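J.: Build me a model from this:
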Amino acid sequence: MRIEIWADVVCGWAYIGKRRLEKALEGLDAEVVWRPFRIDPTAPAQAIPYEEAMADPMVDAAVERCAPGLTPGENRVRMSLIAAEEGFGWRWGPAWRASSHDAHRLIALAAEHGADQDAVAELVMKAHFIDGLDISDRRVLHRIAAEAGFPEGAALLDDGAGEQLVRELLLRGKAMGVATSPTLVVGGRALAGAQSPEVIRDFVLAGDGPGRRLPEEVERYRHAESLLDQRDPLGALVLLGPLLGEHGDDRNVLMLAGRAYYASAQLGRARATLERLVELSPDDAYVHQLLGRTLQRQGRPDEAAPHLRLAGAMVPDYA
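T.: Numbers count the residues shown, from 1 in each chain. I've put the predicted structure just below:
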């Protein structure tokens with residue numbers, strides 16, 4: 001059984017959720033995979049004291065993504081009480097508003113290199129919530145990598161490894177509809193929030209089946225399509241990149257790329273892609289219509305007109 005935890009390591013509910021998941025999985029054979037989520041993507045590259053950060057209204061928005069429905073003050077009180085109940089003790093709470101970007105890279109790289117990803121995630125959250133350390137400090141992450149049995153992680157971080165990986169994973173989470181930290185995903189089903197061990201166990205067992213995973217290319221395509229539907233054409237193009245390289249003549253891939261280029265105002269690329277599609281599918285009214293609109297936006301009305309007339313002749317609604 002595979003369980004994905006989409007979470008931000010600077011969200012206290014993610015750490016509490018980790019403890020509850022561990023209780024829920026007692027006696028079960030499960031693979032737990034950590035995936036990135038950012039509750040505070042505007043956190044400064046240079047960490048600032050947490051108490052000072054609480055005066056920033058942007059922090060309120062981050063709290064909402066970690067604890068929907070609670071004010072920052074309510075969230076801190078409730079989280080501290082529950083953290084004590086879960087065995088973290090009363091020395092709980094971050095000392096820094098820190099970017100979690102590099103921490104997510106380290107966690108993702110641990111999985112890529114066969115290291116103990118869960119141990120890295122545990123040590124990162126312990127450093128942030130209990131030890132009062134700045135987890136955006138590369139030196140702190142170096143020590144965590146070594147302590148977790150992933151010493152090569154330090155050099156990988158310093159070389160910039162994992163940047164594209166984390167970016168793609170964040171986009172995939174968005175495509176899947178992950179909107180809060182933590183969110184558990186099992187077999188395509190999602191459970192949001194740090195639920196009780198009983199609720200988590202029931203959720204996990206309900207999804208414990210032989211469910212077949214989609215091929216990676218199909219999953220990537222569907223996630224790109226979801227991002228385009230969410231009006232994130234640039235994100236869609238990031239996920240489509242490998243597919244365009246490997247399946248550049250596939251009509252469906254080209255069609256999605258053409259739509260994404262058009263939506264992101266990359267009109268030259270949109271035109272080139274749609275012209276290829278016209279060659280592949282000369283009777284596709286939608287392709288002619290989109291190519292015509294692209295040419296119009298490029299200031300080429302004479303070239304656009306034949307495509308728009310043909311699209312209108314084939315599908316009256318396009319006229």
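
J.: give me the low-pLDDT residue ranges for the stretch 51-200 of the chain?
T.: Regions of the stretch 51-200 of the chain meeting the criterion pLDDT under 70 cover residues 58-60, 63, 72.

J.: For it, just list every one of the helices.
T.: For the stretch 51-200 of the chain, the helices defined by DSSP state H, counting those that start in this stretch occupy 57-66, 72-85, 101-112, 117-129, 138-147, 152-158, 163-176, 197-206.

J.: quick one: Ala319 and Gly312 touch, right?
T.: Yes - counting by CB atoms under 8 Å, Ala319 does reach Gly312; the two are 3.2 Å apart. Quick note: C-beta positions are derived from backbone N, CA and C, even for glycine.

J.: Of the two, which one has the most company?
T.: Of the pair Ala319 and Gly312, Gly312 is the one with more neighbours under other CB atoms under 10 Å, namely 16 against 11.

J.: In contact with His104, which residues?
T.: Asp8, Val9, Pro36, Arg38, Gly162, Val166 (CB atoms under 8 Å, 6 or more residues apart in numbering).

J.: change it to 6 Å
T.: By CB atoms under 6 Å, 6 or more residues apart in numbering, the contact list for His104 reads Pro36, Val166.

J.: State the distance from it to Leu239.
T.: Per CB to CB, to the nearest Å, His104 is found 18 Å from Leu239.

J.: Ok, Tyr50 next?
T.: 34 Å.

J.: again with His128
T.: Going from His128 to Leu239 by CB to CB gives 30 Å.

J.: same deal with Ile48?
T.: According to CB to CB, Ile48 stands 33 Å off from Leu239.

J.: repeat for Asp40
T.: Distance from Asp40 to Leu239, counting by CB to CB: 24 Å.

J.: higher neighbour count, those two?
T.: With neighbours defined as other CB under 10 Å, Asp40 and Leu239 compare such that Leu239 has more, 26 against 22.

J.: Do I have it right that the more buried one meets Ala224?
T.: Yes - Leu239 is within contact range of Ala224, at 4.1 Å (criterion: CB atoms under 6 Å).

J.: which residues does Val186 bridge with?
T.: For Val186, the beta-bridge partners are Arg189 (DSSP bridges).

J.: tally of neighbours for it?
T.: There are 21 residues near Val186, going by other CB under 10 Å.

J.: for Gly162, same thing?
T.: 24.

J.: Grab the nearest non-local neighbour of it.
T.: Distance criterion CB to CB, 6 or more residues apart in numbering; nearest residue to Gly162, sequence neighbours excluded, is Arg105 at 3.6 Å.

J.: what does Ala161 give?
T.: Spatial nearest neighbour of Ala161, excluding adjacent residues (CB to CB, 6+ apart): Leu109 at 5.9 Å.

J.: Quick one: low-confidence residue ranges for the stretch 201-319 of the chain.
T.: For the stretch 201-319 of the chain, the stretches flagged by pLDDT under 70 are 208-212.

J.: could you pull out the helices for it?
T.: 216-229, 233-246, 251-263, 267-280, 285-297, 301-314.

J.: ok, residues contacting the first one?
T.: Contacts of helix 216-229 with the rest of the structure, by CB under 6 Å, 6+ apart, involve Arg172, Ala175, Gly235, Ala236, Leu239, Leu240, Ala260.

J.: For those residues, give me JSON lines that also has distance to Gly292.
T.: Formatted as JSON lines, the contacts of helix 216-229 follow (distance: CB to CB, whole Å):
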{"residue": "Arg172", "distance to Gly292": "33"}
{"residue": "Ala175", "distance to Gly292": "29"}
{"residue": "Gly235", "distance to Gly292": "26"}
{"residue": "Ala236", "distance to Gly292": "22"}
{"residue": "Leu239", "distance to Gly292": "27"}
{"residue": "Leu240", "distance to Gly292": "23"}
{"residue": "Ala260", "distance to Gly292": "18"}
